[in-house]
Each structure stands twice: as structure tokens, then as C-alpha cells.
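Trainee: Next one to model:
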Amino acid sequence: MAERVIPLVDQRSAALRAVVPLHSQAPTGHLVDTRGRPLRDLRISVTDRCNFRCSYCMPKEVFDKDYPYLPHSALLSFEEITRLAKLFLAHGVRKIRLTGGEPLLRKNLEALVEQLAALRTVDGTAPDLTLTTNGSLLVRKAQALKDAGLNRVTVSLDGLDDTVFRRMNDVDFPVADVLAGIEAAHAAGLSHIKVNMVVKRGTNDHEILPMARHFRGTGTTLRFIEYMDVGATNGWRMDEVLPSAELIERLRAHLPLVPLDPASPGETAERWGYADASGRHDPALGEVGVISSVTQAFCHDCNRARLSTEGQLYLCLFATQGHDLRSLLRGGASDETIASAIAPIWQGRSDRYSELRSSLPADATPGPRRVEMSYIGG
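Mentor: Okay, here's the model as predicted:
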């Protein structure tokens, strides 16, 4: 049976006990960590299951038929998720992203979307509510999600060549069905649709230009993600990373691109717009983005917290330990107590793994094993 790569229960409980306050403090709508980074983005994993077996996330040799997924009773209920989300919004969160695993595998997910869409930020506005999916179920789910209040969707797609895509998802799923899901999202009225492509040198980097050409001018923003050393099971090697700078040069050899300003503080993607004949960005042609967490770390303004499927709060995608909020939820703690527990967790945050990565030996595996991306989302 494959080893479960999550923090041990006693470690999580010990971490939480250290931050439960003796005296409550009402949220102010503005939390900053030890490096002055505000809390603005909450990513919520709603399931640890996925119907794909992508080698960079859930390789089949680890996540096999005997893999011990979490029982349903361990998962946060929709009401528990909504309760925590409301408290995070009181601390200044403005964007909520639903992730997995594959979030559309969670039954009746649109009911959760509806609950979250009814919440309000400290400014009195609805949160920016978005979802990341592999697109396999989007044809049947897009309209219901939009009707429930979902604003945006990001679809993972690692190539247009059907043979390459089937090999990368490792369950023989056809690329045409994902493309149909993207079209369904557009038809449903979801805005700012993005496609994320994880690029592995020697595996799918020849798909970069075809992907760019396919989505150029369609209203879908394509983003290229450097292959990352998340978790402990994906066999990451630096020589399989294609630096974003090299990727952009490949694109610019065929398609005119001009740099664009960040869309918002803490934006993970470096933006490039397609240029017209005069060399200026043509919004009708759209843009591409590159996410360079390996070669150009953006830890300095990372404003994201991650809530796992079973209610563990993680402060970094590369974390080794979480903070157990589920025990507070199910132990009868008041909203005041839980909000007061969240604050010092973020205020004590100093994570900057990607900045430190380059100083580590190539074969280093420092400290405890990192949590798997499929457990806390990307």
C-alpha cells in the first residue's frame, strides 16, 4: 500500500495548540506575516481524489487502487468550509479558489459555490470565486457552477496532441473532451477563463507553440507553469524544468509579444500580450502568462493560504506541516475563537521555500516530506 504523504496528526495538533489565543482579538480585515505579506487569497481543496494520474501530481505507481484516500467523514462539510471561509474573509481574504484533487468529483459542488458566493469581503463585495479543474467534467457542470455564482475557471491542459495528452494524464483521457469543457465554460458565461499548461522539458515542450496559436484570440488566457518539485512522489528533476525565460524566447521567435503589468498585487504569472502590427498589445488577441516558481521565485509577495480537504491550514505549497482547524470546528469552538487562532498562524508565517531552493544541494531532501499537491491544491 502506498504511503500517505500528509503531516502526522500529533504534529498538526501540537502546532495548533501553540497558536490558540488566551485572549480573543476581533479580525481587522488586514493580516500580514513576518515579511509584510497580506492575507488575500484562500485556496480550498474539496477532495483529495482525481480521475487523472498526471505524473507531476498523482503518479499512478503511488496513487494506485490501494491508495488510502480520506474517508468522507474526514472531509470538511460544505457548511464547515463556508464557516471557515467567512472567517478568512474577515481577515482580509478577497479571492477564494476551489481546488482538489479534481474538485468537480465532489458531489453537488455547486451547492458549496452558492454558499460561498453569498459571503462578503470586509469591503462588502462578493469574493472573487474561482475554480481549478482538469476539465473532464466541465461540459456537464459549467452552467450549474455559473448559475450558483462561480466567477471564473482555470483548466489544466498540458498539450493539444492527443497522444501526448493521453500519456501525461495516464488514464487515456482525450484532449477533445477537455477542449469541449473549455467551450462549455465560455458558453455558460464564465469570465476570464484560463488554461494552465505544466511544461516538462523533453515531454511536452514541443506543444508550447501549438497551444499558444490555438488559444490566441479566443478569449482564453494560456499560462505556462514551470515543472515544480511539489510533494515527494513526482520524481522532479531540475533538468526537466524549462525556464520561463527560454519559453518566452521560443514564443517570441514566432509570435510578437510585449510585456504587461501585473493584474494585481501578488500575481503569480508574468504577463505577456500579443502585439499588433504597430508593436502594441492588442487586447483582442489576448495574452499568455508564465509562472516561474523554480527560476524566478515570487515568495516576496505571496499572499495565499491553503485549506486542505480535511481542514488543515497550510501556509505554502511546499509546506511540510499544517494547522488543524477541523478540531476547532468540531470541538465546539466559537467563530471568535477560530478567527483568533487563524490570526497568529498567518502573523508567524515566514515561508519562502522557492527563494531558498537554489541554495540547496541538487539531491537535498531537507526536513520532513512535503505535503502532496493533490492534497492541498496547486
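Trainee: From residue 317, how far off is residue 102?
Mentor: Shown here: residue 102 relative to residue 317, a distance of 18 Å by Cβ to Cβ, to the nearest Å. All C-beta atoms are positioned from the backbone trio N, CA, C, and that covers glycine.
Trainee: which residue sits closest to residue 218, ignoring its sequence neighbours?
Mentor: Setting aside the residues directly before and after it, residue 218 is nearest to residue 286 in space (Cβ to Cβ, 6 or more residues apart in numbering), at 7.1 Å.
Trainee: Just name whatever secondary elements the longest strand along the chain is in contact with.
Mentor: In the chain, assigned by DSSP state E, the strand with the most residues is strand 191-199. With contacts taken as 3 or more Cβ pairs under 8 Å, 6 or more residues apart in numbering; DSSP states H and E, strand 191-199 sits against strand 152-156, helix 175-188, helix 208-215, strand 221-226.
Trainee: could I get those as TSV with distance to residue 91, mean pLDDT and mean neighbour count?
Mentor: Shown next, in TSV, are the helices and strands packed on strand 191-199 (distance: least, Cβ to Cβ, whole Å; pLDDT from 0 to 100; neighbours: other Cβ atoms under 10 Å):
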stretch	distance to residue 91	mean pLDDT	mean neighbour count
strand 152-156	22	97	22
helix 175-188	30	97	18
helix 208-215	36	97	18
strand 221-226	28	95	21
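Trainee: For residue 346, find the nearest of these.
Mentor: strand 152-156 (24.3 Å; Cβ to Cβ).
Trainee: tell me the contacts of the closest residue in space to residue 254 that isn't next to it in sequence?
Mentor: Setting aside the residues directly before and after it, residue 254 is nearest to residue 209 in space (Cβ to Cβ, 6+ apart), at 5.9 Å. By Cβ atoms under 8 Å, 6 or more residues apart in numbering, the contact set of residue 209 is 250-251, 254-255.
Trainee: what kind of secondary structure is residue 305 in?
Mentor: The three-state label for residue 305, taken from DSSP: H, G, I helix; E, B strand; the rest coil, comes out as strand.
Trainee: how deep is the closest residue to it other than its chain neighbours tucked in, by neighbour count?
Mentor: Leaving aside its sequence neighbours, residue 305 sits nearest to residue 42 (Cβ to Cβ, 6+ apart; 5.5 Å). Number of residues near residue 42 (other Cβ atoms under 10 Å) recorded here: 24.
Trainee: How about residue 99?
Mentor: 25.
Trainee: right, and it touches residue 42 too?
Mentor: No - using Cβ atoms under 8 Å, residue 99 is not in contact with residue 42; the gap is 10.5 Å.
Trainee: Tell me which helix or strand comes right after the helix or strand of the chain with the lowest mean pLDDT.
Mentor: One helix or strand of the chain scores below all others by mean pLDDT, DSSP states H and E: helix 9-17, with a mean of 38. Next helix or strand after helix 9-17 toward the C-terminus (DSSP states H and E): strand 41-45.
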